[in-house]
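Novice: Just to be clear, the model below is a prediction. Sequence and coordinates:
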Amino acid sequence: WAPAAREVRLLWDYRKTDSGWQNRREAKLQAMADGYWGGFVADLAAGERYMYYVVGPVGGSEGLKRDPYARDLSDEPTWPDCHCLLADPAVFPWHDDDYRPPAFHELAIYQLHIGVWFIPAGRNNGTFLDVAGKLPYLRSLGINAIQPLPIVEFPGVFSLGYNGVDYFSPETDYGIKDGDPAMGRYLESVNQLLYDINPGLEPYRPRDIQGTANQLKVLIDLCHLHGIAMLMDVVYNHAGGDFGDGGIYFFDRRANDSQNNSLYFTDRGWAGGLVFAYWNDKVKQFLIDNATFWLREYHCDGFRYDEVSVIKNEGGEHGWRFCQYVTDTCRFIKPQAIHIAESWPVNQAVVSPTQQGGAGFDACQNDGLRDAVREAVGQASG
């Protein structure tokens, strides 16, 4: 979707040369209705590196852009110079067909940060597979759901995750890189977890844990086998901060003279990034597609929506309508998934059904318990 672009090309067949990565093939996409560009390229396979080349309008710019819907990104070259990786969602060998998440009132949710929750010796940060290795411990605590802080690609190496820039791609620093000598040990570890649950389960093959996206799927698959739901922390109120030239920021390469021309965003800032342009149906659809993607392709069991109050306050009626659309659509696709809104102040309309004009969320995050515990600890320590 690049409505102001004059030309969009697909570049693929990347090879590393002495002068850097070079693509050997490309194809022009055709202008379609509503600002979309499309085409068909035969014989591409999972793992293929690709990029878009967008030529903006007169007075704009031209250059490479990552696919906003890219399912995975390369770890060489690294972000922001990474390539998009073509993925086939049908090939991962899920083992969780019989899993059903707990009823809402039975959820005991454990929140964690993938990068720092468990860091093995010799590594700088934790990964999805490191968390997978600790699932027996988590289950022993009595919890039945985990909620990682946002895990989509963010600028740099260290972040809480609330400055995501590539919404369909898991953070590459949470993955074990291709060729890492530890990969064999991780494969043995996750297969032992499979065996301990059910010796009859088909073990993962080396290709099943290649790439960050597959490693996140391994974590979720094993969570379900351990009776643990996976809730995603999604940030639909704002994105990024340091977007980089290759991301969704000014995706159709209009002149960078107003944030309101940046296609996906408005000129309203939040938490170091920019608020999404909810008035545009294509932007709403992008975010709804992202939520349904986590449910369908990753078997996720629900969401914690960051700062819904910002969506409501900055987006007005358009932001409220987006909340209704995303909860209704996800409930149709996976009725048992829970939708938890962070909304300040907590109010009834956020959790009222959309048919009654509410936003359709199932629950609100509340800081009452947290603050009470902190006060009690403070009094005790005093």
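Specialist: Happy to help now that I have it.
Novice: use CA for all of it now, contacts and neighbours both
Specialist: Fine.
Novice: what about the strands in the stretch 251-382 of the chain?
Specialist: With strands called from DSSP state E, counting those that start in this stretch, the stretch 251-382 of the chain shows them at 265-270, 273-276, 302-305, 338-342, 363-365.
Novice: Need these in TSV (columns: distance to residue 357, mean neighbour count and mean pLDDT).
Specialist: Converted to TSV, the strands of the stretch 251-382 of the chain look like this (distance: least, C-alpha to C-alpha, whole Å; neighbours: other C-alpha atoms under 10 Å; pLDDT from 0 to 100):
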stretch	distance to residue 357	mean neighbour count	mean pLDDT
strand 265-270	25	18	95
strand 273-276	22	24	96
strand 302-305	19	24	98
strand 338-342	16	23	97
strand 363-365	16	19	93
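Novice: Out of the ones you listed, the one nearest residue 239 is which?
Specialist: Of all these, strand 273-276 sits nearest to residue 239, with 5.4 Å by C-alpha to C-alpha.
Novice: give me the element residue 46 is part of.
Specialist: For residue 46, there is no helix or strand it lies in under DSSP states H and E.
Novice: show me where pLDDT drops low in the stretch 1-150 of the chain?
Specialist: Residues of the stretch 1-150 of the chain meeting the criterion pLDDT under 70: none.
Novice: And the strands in it, which stretches?
Specialist: With DSSP E, counting those that start in this stretch as the criterion, the stretch 1-150 of the chain has strands spanning 7-17, 20-28, 30-31, 37-38, 49-55, 62-65, 72-73, 84-85, 109-112, 145-148.
Novice: that older thread, need the strands of the stretch 251-382 of the chain in TSV (columns: distance to residue 132).
Specialist: Supplementary listing: the strands of the stretch 251-382 of the chain in TSV, determined by distance: least, C-alpha to C-alpha, whole Å:
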stretch	distance to residue 132
strand 265-270	33
strand 273-276	31
strand 302-305	19
strand 338-342	22
strand 363-365	26
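Novice: Looking at those strands, spot the one closest to residue 50.
Specialist: Short answer: strand 265-270, nearest of these by C-alpha to C-alpha, at 24.8 Å.
Novice: contacting residues around residue 163?
Specialist: 154-155, 238-241, 272-273 (C-alpha atoms under 8 Å, 6 or more residues apart in numbering).
Novice: can you count the residues close to residue 328?
Specialist: 19 (other C-alpha atoms under 10 Å).
Novice: now it, nearest residue through space, not along the chain?
Specialist: Closest residue to residue 328 apart from its sequence neighbours, by C-alpha to C-alpha, 6 or more residues apart in numbering: residue 360 at 7.1 Å.
Novice: what about the one you found, neighbour count?
Specialist: Neighbours of residue 360 using other C-alpha under 10 Å come to 24.
Novice: And residue 193, which helix or strand is it part of?
Specialist: helix 183-197.
Novice: list the buried ones in that helix?
Specialist: Within helix 183-197, the residues that count as buried by 16 or more other C-alpha atoms under 10 Å are 183, 186-187, 189-191, 193-194.
Novice: Give me the residues contacting it.
Specialist: The contact list for helix 183-197 (C-alpha under 8 Å, 6+ apart) reads 129, 132-133, 176, 201, 203-206, 209, 218, 222, 225-226.
Novice: just to revisit the earlier point, just to check, the residue nearest to residue 328 is in contact with residue 324?
Specialist: Yes - distance between residue 360 and residue 324: 5.8 Å, which falls inside the contact criterion (C-alpha atoms under 8 Å).
Novice: what sits in contact with each of the two?
Specialist: With C-alpha under 8 Å, 6+ apart, residue 360 and residue 324 have common neighbours residue 354.
Novice: circling back: quick one: buried ones out of the contacts of helix 183-197?
Specialist: The neighbour-count test (16+ other C-alpha under 10 Å) marks 129, 132-133, 176, 203-204, 209, 218, 222, 225-226 as buried among the contacts of helix 183-197.
Novice: Nearest to residue 30 among these?
Specialist: If you rank these by distance to residue 30 using C-alpha to C-alpha, residue 209 comes first, at 35.5 Å.
Novice: Apart from its neighbours in sequence, what residue is nearest residue 310?
Specialist: Using C-alpha to C-alpha, 6+ apart and skipping the chain neighbours, the partner closest in space to residue 310 is residue 237 (6.0 Å).
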